[in-house]
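Asks: Sequence and predicted structure are below.
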Amino acid sequence: MSGFFQKISPVGAVGDVIGYIRAPRPHRLGFLALSAAATFAVFSLITSEKYAGLPKLPEVTYFPSFLPGRSDAQIRRENIEATKKARAEEAQDEADDAQIRANYKAMGDALNMDTRKAIERGNAERAEAKRKYDAFNAELLRKHLVK
(Lines give C-alpha, C1' and ligand atoms only; values in the text may rest on other atoms or scores of the structure.)
Protein backbone atom coordinates (compact mmCIF):
# COMPACT_ATOMS: atom_id res chain seq x y z
CA MET A 1 0.00 0.00 0.00
CA SER A 2 2.83 2.38 0.75
CA GLY A 3 4.14 1.91 -2.79
CA PHE A 4 0.86 3.20 -4.15
CA PHE A 5 1.07 6.48 -2.24
CA GLN A 6 4.72 7.00 -3.23
CA LYS A 7 3.68 7.15 -6.89
CA ILE A 8 1.19 9.95 -6.23
CA SER A 9 2.45 13.50 -5.82
CA PRO A 10 0.59 16.82 -5.96
CA VAL A 11 3.47 18.35 -7.92
CA GLY A 12 3.09 15.72 -10.63
CA ALA A 13 -0.69 16.28 -10.72
CA VAL A 14 -0.28 20.02 -11.20
CA GLY A 15 2.32 19.36 -13.92
CA ASP A 16 -0.11 17.04 -15.71
CA VAL A 17 -2.89 19.67 -15.61
CA ILE A 18 -0.54 22.35 -16.97
CA GLY A 19 0.66 19.99 -19.70
CA TYR A 20 -2.93 19.22 -20.65
CA ILE A 21 -3.85 22.89 -20.82
CA ARG A 22 -0.80 23.73 -23.01
CA ALA A 23 -1.45 20.88 -25.45
CA PRO A 24 -2.93 22.19 -28.70
CA ARG A 25 -6.55 20.94 -28.61
CA PRO A 26 -9.66 22.69 -29.90
CA HIS A 27 -11.96 24.04 -27.16
CA ARG A 28 -9.51 23.13 -24.40
CA LEU A 29 -10.07 26.36 -22.50
CA GLY A 30 -13.87 26.08 -22.89
CA PHE A 31 -13.88 22.59 -21.39
CA LEU A 32 -11.57 23.77 -18.61
CA ALA A 33 -13.91 26.68 -17.84
CA LEU A 34 -16.92 24.38 -17.93
CA SER A 35 -15.36 21.87 -15.56
CA ALA A 36 -14.24 24.65 -13.20
CA ALA A 37 -17.75 26.12 -13.23
CA ALA A 38 -19.32 22.71 -12.50
CA THR A 39 -16.87 22.10 -9.66
CA PHE A 40 -17.52 25.57 -8.24
CA ALA A 41 -21.30 25.03 -8.44
CA VAL A 42 -21.15 21.70 -6.60
CA PHE A 43 -18.90 23.05 -3.86
CA SER A 44 -21.01 26.20 -3.44
CA LEU A 45 -24.15 24.07 -3.02
CA ILE A 46 -22.44 21.92 -0.44
CA THR A 47 -21.06 24.85 1.56
CA SER A 48 -24.29 26.88 1.43
CA GLU A 49 -26.26 24.29 3.40
CA LYS A 50 -27.04 25.52 6.86
CA TYR A 51 -27.90 23.62 9.98
CA ALA A 52 -31.52 24.36 10.80
CA GLY A 53 -31.26 23.64 14.51
CA LEU A 54 -34.02 22.31 16.68
CA PRO A 55 -37.58 22.53 15.40
CA LYS A 56 -39.76 25.36 16.62
CA LEU A 57 -41.71 24.49 19.72
CA PRO A 58 -45.44 24.11 19.14
CA GLU A 59 -47.81 26.77 20.31
CA VAL A 60 -50.36 25.40 22.74
CA THR A 61 -53.88 26.76 22.39
CA TYR A 62 -56.17 26.07 25.29
CA PHE A 63 -59.88 25.75 24.62
CA PRO A 64 -61.67 28.54 26.40
CA SER A 65 -64.57 26.21 27.22
CA PHE A 66 -62.23 24.09 29.31
CA LEU A 67 -61.10 26.94 31.51
CA PRO A 68 -61.02 26.22 35.22
CA GLY A 69 -63.79 27.61 37.34
CA ARG A 70 -66.71 26.13 35.41
CA SER A 71 -69.42 24.67 37.56
CA ASP A 72 -70.44 21.03 37.31
CA ALA A 73 -73.79 22.13 35.89
CA GLN A 74 -72.06 24.06 33.09
CA ILE A 75 -69.86 21.08 32.29
CA ARG A 76 -72.87 18.73 32.19
CA ARG A 77 -74.84 21.14 29.98
CA GLU A 78 -71.92 21.49 27.55
CA ASN A 79 -71.44 17.73 27.47
CA ILE A 80 -75.14 17.18 26.73
CA GLU A 81 -75.02 19.76 23.92
CA ALA A 82 -71.89 18.18 22.44
CA THR A 83 -73.46 14.72 22.64
CA LYS A 84 -76.62 15.91 20.89
CA LYS A 85 -74.55 17.53 18.16
CA ALA A 86 -72.44 14.38 17.68
CA ARG A 87 -75.53 12.17 17.51
CA ALA A 88 -77.16 14.50 14.96
CA GLU A 89 -74.02 14.35 12.81
CA GLU A 90 -73.97 10.56 13.15
CA ALA A 91 -77.62 10.35 12.07
CA GLN A 92 -76.93 12.61 9.09
CA ASP A 93 -73.95 10.45 8.08
CA GLU A 94 -76.10 7.32 8.31
CA ALA A 95 -78.83 8.96 6.21
CA ASP A 96 -76.24 9.96 3.59
CA ASP A 97 -74.86 6.41 3.55
CA ALA A 98 -78.37 4.97 3.16
CA GLN A 99 -79.00 7.30 0.21
CA ILE A 100 -75.74 6.19 -1.42
CA ARG A 101 -76.69 2.53 -0.91
CA ALA A 102 -80.10 3.20 -2.45
CA ASN A 103 -78.43 4.84 -5.46
CA TYR A 104 -76.16 1.83 -5.94
CA LYS A 105 -79.14 -0.53 -5.63
CA ALA A 106 -81.08 1.46 -8.23
CA MET A 107 -78.08 1.39 -10.57
CA GLY A 108 -77.70 -2.37 -10.06
CA ASP A 109 -81.42 -2.91 -10.71
CA ALA A 110 -81.22 -0.79 -13.86
CA LEU A 111 -78.30 -2.92 -15.09
CA ASN A 112 -80.22 -6.10 -14.20
CA MET A 113 -77.63 -7.14 -11.59
CA ASP A 114 -78.33 -9.30 -8.53
CA THR A 115 -77.81 -6.82 -5.69
CA ARG A 116 -79.34 -8.98 -2.94
CA LYS A 117 -76.08 -10.68 -1.92
CA ALA A 118 -74.15 -7.42 -1.82
CA ILE A 119 -76.86 -5.79 0.28
CA GLU A 120 -76.93 -8.72 2.71
CA ARG A 121 -73.13 -8.72 2.99
CA GLY A 122 -73.09 -4.94 3.58
CA ASN A 123 -75.80 -5.20 6.22
CA ALA A 124 -73.87 -7.98 7.98
CA GLU A 125 -70.64 -5.95 7.90
CA ARG A 126 -72.38 -2.86 9.30
CA ALA A 127 -74.03 -4.91 12.04
CA GLU A 128 -70.67 -6.46 13.01
CA ALA A 129 -68.98 -3.05 13.04
CA LYS A 130 -71.78 -1.64 15.23
CA ARG A 131 -71.53 -4.61 17.58
CA LYS A 132 -67.76 -4.09 17.97
CA TYR A 133 -68.22 -0.33 18.46
CA ASP A 134 -70.89 -0.86 21.12
CA ALA A 135 -68.77 -3.50 22.89
CA PHE A 136 -65.76 -1.18 22.89
CA ASN A 137 -67.82 1.69 24.34
CA ALA A 138 -69.38 -0.58 26.96
CA GLU A 139 -65.91 -1.74 28.01
CA LEU A 140 -64.72 1.87 28.27
CA LEU A 141 -67.68 2.76 30.44
CA ARG A 142 -67.18 -0.32 32.59
CA LYS A 143 -63.51 0.55 33.17
CA HIS A 144 -63.71 4.30 33.63
CA LEU A 145 -67.20 5.13 34.87
CA VAL A 146 -67.02 6.67 38.30
CA LYS A 147 -69.43 4.94 40.63
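Replies: Great, that's in hand. Numbers count the residues shown, from 1 in each chain.
Asks: Please make it C-alpha for all contacts and neighbour counts, starting now.
Replies: OK.
Asks: average pLDDT for the one helix or strand residue 138 maps to?
Replies: According to DSSP states H and E, residue 138 maps onto helix 116-144. Averaged over helix 116-144, pLDDT sits at 93.
Asks: do stretch 69-89 as well
Replies: The model assigns stretch 69-89 a mean pLDDT of 91.
Asks: quick one: secondary structure of the residue in the chain sticking out farthest from the centre?
Replies: Taking Cα atoms, centre = their mean, the residue of the chain most remote from its mean C-alpha position is residue 24, at 57.8 Å. Under DSSP: H, G, I helix; E, B strand; the rest coil, residue 24 falls in the coil class.
Asks: what's the spacing between it and residue 32?
Replies: 13 Å (Cα to Cα, to the nearest Å).
Asks: got it, and residue 129?
Replies: 71 Å.
Asks: One more: residue 68?
Replies: 73 Å.
Asks: Those two: which has the busier surroundings?
Replies: Shown here are residue 68 and residue 32; by other Cα atoms under 10 Å, residue 32 has more neighbours (13 against 7).
Asks: Before I go, just wanted to say thanks for your time.
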